Each structure stands twice: as structure tokens, then as C-alpha cells.
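Novice: Structural data only, the sequence is not supplied:
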């Protein structure tokens, strides 16, 4: 008799993307020695809505032209957002946040 019948995980079942992002944030470690600091930093970035702040208050700020190098500020803002999406644990969550902001589409391909 097969004692394992009906138990285990069905690999064909896919999680809701938001649930998967939450799972990854809790289970995927960062670089050696950086786990606690990394998680605290990235959770804080999510809690303070950093991705939308960068898009709405930096990249789309009409007064950005008043700083010394507005083009560099935009490049660095976009690079930071893309870097956040590459984190193995939090990246999926950051991607979801960015994809919910319609303005991100105009920067995503840069």
C-alpha cells in the first residue's frame, strides 16, 4: 500500500503571486551575514512606500530640474528601483508594487 498517497505538495499548484511574494520575503535568505540588516532595510522600504515615493516624488517631480544633475537623479532612481526587484526574497514584492504604479511603465525599460 502507498502510505504517502494524498500527502505532500502538488508541484502543479501555483500560489497567488501576492502570496508567493509574501512567502519569499519570509523564507529566502540574503547574502551571508546580511540577513537581519537586509530584511529590516527592505521591509522598511516597503512600509514607507519607497518605490512609489521614488516614482512620484523624485522621477516625476517638476522641481527636479532645479538640482545640479536631474538626469543623473532619474538614472539613479530607476537603477535603485530595478535593484530592489532583483532581491531574491523581496524582489517579487517590489515588482508587484512597481507594476501597480502606471507611471513605472515609462521608466521600466530604461
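Specialist: Thanks, I have it. Bear in mind that the values here come from a model prediction, so they are computed numbers and not experimental data.

Novice: Give me the three-state assignment for residue 73.
Specialist: helix (DSSP: H, G, I helix; E, B strand; the rest coil).

Novice: ranges for the helices of the protein?
Specialist: Secondary structure of the chain (DSSP state H): helices at 17-27, 35-47, 50-53, 70-85, 91-99, 105-108.

Novice: any chance of these in JSON lines, with mean pLDDT too?
Specialist: Output for the helices of the chain, formatted as JSON lines (pLDDT from 0 to 100):
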{"stretch": "helix 17-27", "mean pLDDT": "82"}
{"stretch": "helix 35-47", "mean pLDDT": "86"}
{"stretch": "helix 50-53", "mean pLDDT": "98"}
{"stretch": "helix 70-85", "mean pLDDT": "96"}
{"stretch": "helix 91-99", "mean pLDDT": "97"}
{"stretch": "helix 105-108", "mean pLDDT": "94"}
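
Novice: Would you mind finding the most buried of these?
Specialist: Most buried of the helices of the chain by mean neighbour count (mean count of other C-beta atoms under 10 Å) is helix 91-99; its value is a mean of 20. C-beta: built from backbone N, CA, C; applies to glycine.

Novice: Over to residue 86: give its phi and psi.
Specialist: Dihedral angles of residue 86 (phi, psi; degrees, to the nearest 10) stand at phi -90, psi -10.
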